[in-house]
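# what's the 3D shape of this:
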Amino acid sequence: MECKRIYALIPAYQPDSTLAGLVRDLDRERLRVIVVDDGSGPDYEALFSVCAERALVLRHETNRGKGAALKTGLAWLREHVPGPYTVVTLDADGQHTVADAVKVAQTAEETPAALVLGSRRQGRGCPLRSRFGNGVTRLVYRAAARARVSDTQTGLRAFSNRLLSTLLEVPGQRYEYEMNVLLRMAEDETPIREVPIETIYLEGNRSSHFNTLRDSWRIYRDILKFSASSLLGFTVDYLLFSLLAFLTGGTLFANVAARFFSAGVNFSVNRWLVFKDKGPFWRSAAQYFALAAGILAANSVILFGLTALGLNPYLAKLLTELILFLCSFTVQKKVIFRNNAPGAERSDVRYEEVLEA
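Model (predicted):
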């Protein structure tokens with residue numbers, strides 16, 4: 001299949017000479033290459049000058065993160081290049097082959113409504129930290145999005161220009177951006193296709209700038225903070241439910257009263273600590289308690305059903321809370337607090353604003 005208009009977008013922070021070879025090989029395959037120098041510094045000017053012979057090089061004056069670099073390239077494309085065309089993103093460290101980049105891009109050409117991932121096999125050659133990290137993010141993504149992706153951390157991704165505006169709206173400036181993209185695709189019901197690619201880890205993936213603790217926190221922080229908040233609310237709810245059920249002998253009244261009180265605790269923590277909501281209080285409160293009412297109704301129906309089947313009421317309560325946890329997280333993050341979450345503001349990146357002249 002002959003390549004049509006394909007743009008290869010490469011975010012690069014302090015890369016080695018592998019980048020120049022990658023740019024050369026992509027250019028030979030007639031892909032149009034855009035490299036974003038993410039504040040690598042004066043020591044790397046010579047390398048980027050070599051890349052500029054075959055690619056457009058955009059620059060950040062200071063390091064802003066992989067997500068910011070990708071958005072800079074996407075913003076430039078949206079502003080300067082009329083569609084239709086396909087974009088394929090690659091890492092700068094040589095872990096993606098040109099053949100795989102072309103294959104993933106061509107799949108995106110065939111399915112312009114989808115996000116296409118180049119998915120690596122997590123075999124024996126995969127470094128332990130990469131295998132562990134990908135395993136954790138797979139589980140987190142599956143829990144949050146209720147969808148399966150085998151390689152959530154791949155930087156080899158392709159999509160049509162149709163998705164540019166959506167991708168520029170996704171929050172995140174560093175490594176968390178790529179996970180947020182997958183969550184947004186699931187939220188919008190955008191198809192995600194996976195194409196198997198060659199697995200290359202150079203020197204145990206030492207060239208990666210991924211900081212295991214810092215960047216993992218950025219990726220997981222929303223769901224971890226929400227989980228802690230939910231655990232607090234659940235603890236209050238469960239203790240009060242148990243006390244009222246013991247005193248009154250009725251599970252329905254105990255469940256409603258405990259849920260009402262714990263909902264107030266959970267709303268307060270989520271508004272001020274988890275999502276740091278700065279919007280109108282009453283709007284968020286109205287939306288939250290509408291959700292709480294719906295959760296309460298579902299909670300009571302499920303709890304009644306489980307106890308009617310003969311299940312111990314305390315165990316039934318635990319199972320009910322687990323069932324409704326993901327529903328609550330999704331609605332709060334994507335609807336109630338979506339416009340007020342840190343970094344969730346619209347990212348209309350402008351070429352003149354983010355790049356050197």
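# Give me the residue ranges of this protein where confidence is low.
Judged by pLDDT under 70, the chain has its weakly predicted residues at 1-4, 122-138, 140, 142-146, 200-227, 273-279, 326, 329-330, 333-334, 338-357.
# Okay, strands next: where are they in it?
Using DSSP state E, the strands of the chain run over 6-12, 32-38, 56-60, 86-89, 115-119, 157-160, 192-196.
# can you list those strands in CSV and add mean neighbour count?
Glycine gets a C-beta too; all of them are placed from N, C-alpha and C. Output for the strands of the chain, formatted as CSV (neighbours: other C-beta atoms under 10 Å):
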stretch, mean neighbour count
strand 6-12, 25
strand 32-38, 25
strand 56-60, 19
strand 86-89, 26
strand 115-119, 25
strand 157-160, 25
strand 192-196, 16
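# Now distance to W76 too, for the ones you listed, in JSON lines please.
Shown next, in JSON lines, are these (distance: least, C-beta to C-beta, whole Å):
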{"stretch": "strand 6-12", "distance to W76": "9"}
{"stretch": "strand 32-38", "distance to W76": "7"}
{"stretch": "strand 56-60", "distance to W76": "6"}
{"stretch": "strand 86-89", "distance to W76": "11"}
{"stretch": "strand 115-119", "distance to W76": "20"}
{"stretch": "strand 157-160", "distance to W76": "16"}
{"stretch": "strand 192-196", "distance to W76": "25"}
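# How is this structure divided into domains?
Listed domain ranges for the chain are 6-210, 222-340 (source: automatic domain parsing).
# among those domains, which is the most enclosed?
Sort the domains of the chain by mean neighbour count, taking mean count of other C-beta atoms under 10 Å, and domain 6-210 sits at the top with a mean of 19.
# wait, what's in contact with the nearest residue to D25 once chain neighbours are set aside?
Distance criterion C-beta to C-beta, 6 or more residues apart in numbering; nearest residue to D25, sequence neighbours excluded, is V98 at 4.5 Å. With contacts defined as C-beta atoms under 8 Å, 6 or more residues apart in numbering, V98 is in contact with 22, 25-26, 29.
# Name the nearest of those residues relative to P15.
When those are compared for distance to P15 (C-beta to C-beta), L22 wins out at 9.0 Å.
# so what's the closest one up against?
Contacts of L22 (C-beta under 8 Å, 6+ apart): 10, 90, 92, 94, 98.
# excluding its backbone neighbours, what's nearest the second one?
The spatially closest residue to L90, leaving aside those adjacent along the chain, is H96, at 4.6 Å (C-beta to C-beta, 6+ apart).
# can I assume that neighbour is in contact with V102?
No. Taking C-beta atoms under 8 Å as the definition, H96 is not a contact partner of V102, at 10.6 Å.
# which stretches of the stretch 101-250 of the chain form helices?
For the stretch 101-250 of the chain, the helices defined by DSSP state H, counting those that start in this stretch occupy 128-145, 164-169, 176-188, 212-248.
# hmm, back to that, so how far is L26 from the residue nearest to D25?
Distance from V98 to L26, counting by C-beta to C-beta, to the nearest Å: 6 Å.
# re earlier: now the contacts of L22 in CSV, with distance to F159?
Output for these, formatted as CSV (distance: C-beta to C-beta, whole Å):
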residue, distance to F159
I10, 15
L90, 13
A92, 19
G94, 22
V98, 18
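# Pull the most distant pair out of the residues you listed.
Greatest spacing in the contacts of L22, by C-beta to C-beta: A92 and V98 (13.4 Å).
# Contact partners for D100?
118, 156, 195, 197-198.
# ok, so of these, who is nearest V33?
Out of these, the member with the shortest distance to V33 (by C-beta to C-beta) is L156, at 14.6 Å.
# So that closest one sits against V116, correct?
No. Between L156 and V116 there is no contact under C-beta under 8 Å: 9.0 Å.
# Mutual contacts of the two, please.
V104.
# Closest to M185 out of the contacts of V98?
L26 (25.0 Å).
# In contact with the closest one, which residues?
8, 33, 55, 90, 98, 101.
# Could you rerun that using 7 Å?
By C-beta atoms under 7 Å, 6 or more residues apart in numbering, the contact set of L26 is 8, 33, 98, 101.
# Would you check how far apart it and G155 are?
As judged by C-beta to C-beta, L26 and G155 stand 14 Å apart.
# swap in A290?
39 Å.
# about what we covered before: can you redo the contacts of L26 as JSON lines with distance to V269?
What follows is these, written out as JSON lines (distance: C-beta to C-beta, whole Å):
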{"residue": "A8", "distance to V269": "44"}
{"residue": "V33", "distance to V269": "47"}
{"residue": "V98", "distance to V269": "49"}
{"residue": "A101", "distance to V269": "44"}
